[in-house]
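Enquirer: I'll drop the sequence and a predicted model, then ask my questions.
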Amino acid sequence: MPSAKILEQKKAIVEELSEKLKSAVSAVVVSYKGINTEDDTKLRAALRKANVEYKVYKNSAMARACELAGYADLKPLFEGMSAIAYTSDDAVAPAKIIKEYADKIETYTIKGGFIDGEVIDSAKVEALASIPAKPVLVCKIMGSMMSPLYGLAYALQAVIDKSSEGGEQAPAEAAAEQA
């Protein structure tokens, strides 16, 4: 039987992880089997750069923390060699980075995760990873908003150019001469 001190340490770890998961906007659970040290170091560096925490805990601790955080549906995922990547910033970042490494390493697999309080399976995590980055989406929206304005400006310029080519006076100039 573990000592009271060890039990308190384990409870503290579960509580800390639970609080982090409660404040996270998304998380991805992976099986890290087969990843070598070099790839793991690169993965962790990429995740740190994107402000994503990536941790390996005991499966029982992760399952308990997920249950306390309100993600009890994730408990079946914590079998074998499991790790969790979570963030409270960019909801897509963990999925994108993890998928990149899962594509490179055959045995490194995505098990599932959550986004905005909803538990999702591995297929949805991979779909989430295919969403373009936030700056790209903002540029696309801005382009969509600007397109009609550019069209209007070009049409108005064409009318002005056409009226000045034919020697015709602009409507405002014609009205001024008649007065």
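Expert: Everything's here; your move.

Enquirer: Enumerate every residue touching Lys111.
Expert: Taking CB atoms under 8 Å, 6 or more residues apart in numbering, we find Lys111 in contact with Val29, Val30, Ser31, Leu77, Ser82, Ser122. No exception for glycine: its C-beta is placed from N, CA and C like everyone else's.

Enquirer: So it, which state does it fall into?
Expert: Following DSSP: H, G, I helix; E, B strand; the rest coil, we place Lys111 in the strand state.

Enquirer: ok, now how distant is it from Met62?
Expert: Here the criterion is CB to CB, to the nearest Å. By it, Lys111 lies 11 Å from Met62.

Enquirer: Could you break the chain into its assigned domains?
Expert: For the chain, the structural domains run 4-129, 134-178, going by automatic domain parsing.

Enquirer: Rounded mean pLDDT for the shortest one, please.
Expert: Okay, so that is domain 134-178. Taken as a whole, domain 134-178 carries a mean pLDDT of 74.

Enquirer: any chance you could map the strands in the protein?
Expert: 26-31, 53-55, 82-87, 109-115, 118-121 (DSSP state E).

Enquirer: List the buried residues in the shortest one.
Expert: If I follow you right, that is strand 53-55. Of the residues in strand 53-55, those buried by neighbour count under the rule 16 or more other CB atoms under 10 Å are Glu53, Tyr54.

Enquirer: So which elements touch that strand?
Expert: Under the contact criterion of 3 or more CB pairs under 8 Å, 6 or more residues apart in numbering; DSSP states H and E, the helices and strands touching strand 53-55 comprise helix 37-49, strand 82-87.

Enquirer: before we move on, the earlier item: out of the strands of the chain, deepest packed?
Expert: Across the strands of the chain, the average number of neighbours (mean count of other CB atoms under 10 Å) peaks for strand 26-31, which reaches a mean of 26.

Enquirer: contact partners of that one?
Expert: Outside of strand 26-31, the residues that reach it under the criterion CB under 8 Å, 6+ apart are 21, 62, 71, 74, 77-78, 80-87, 91-95, 98, 102, 107-116, 125, 128.

Enquirer: same thing but at 7 Å, please
Expert: With CB atoms under 7 Å, 6 or more residues apart in numbering as the test, strand 26-31 has contacts from 21, 74, 77, 80-87, 91, 94-95, 98, 108-115, 125.

Enquirer: And the pLDDT at the residue nearest the centre of the chain?
Expert: What sits nearest the mean C-alpha location of the chain, by CA atoms, centre = their mean, is Val92, with 0.7 Å. Here, the pLDDT recorded for Val92 equals 89.

Enquirer: For the remainder of this discussion, apply numbering that starts at 486.
Expert: Let's use 486 as the start, then, which means that last one is Val577.
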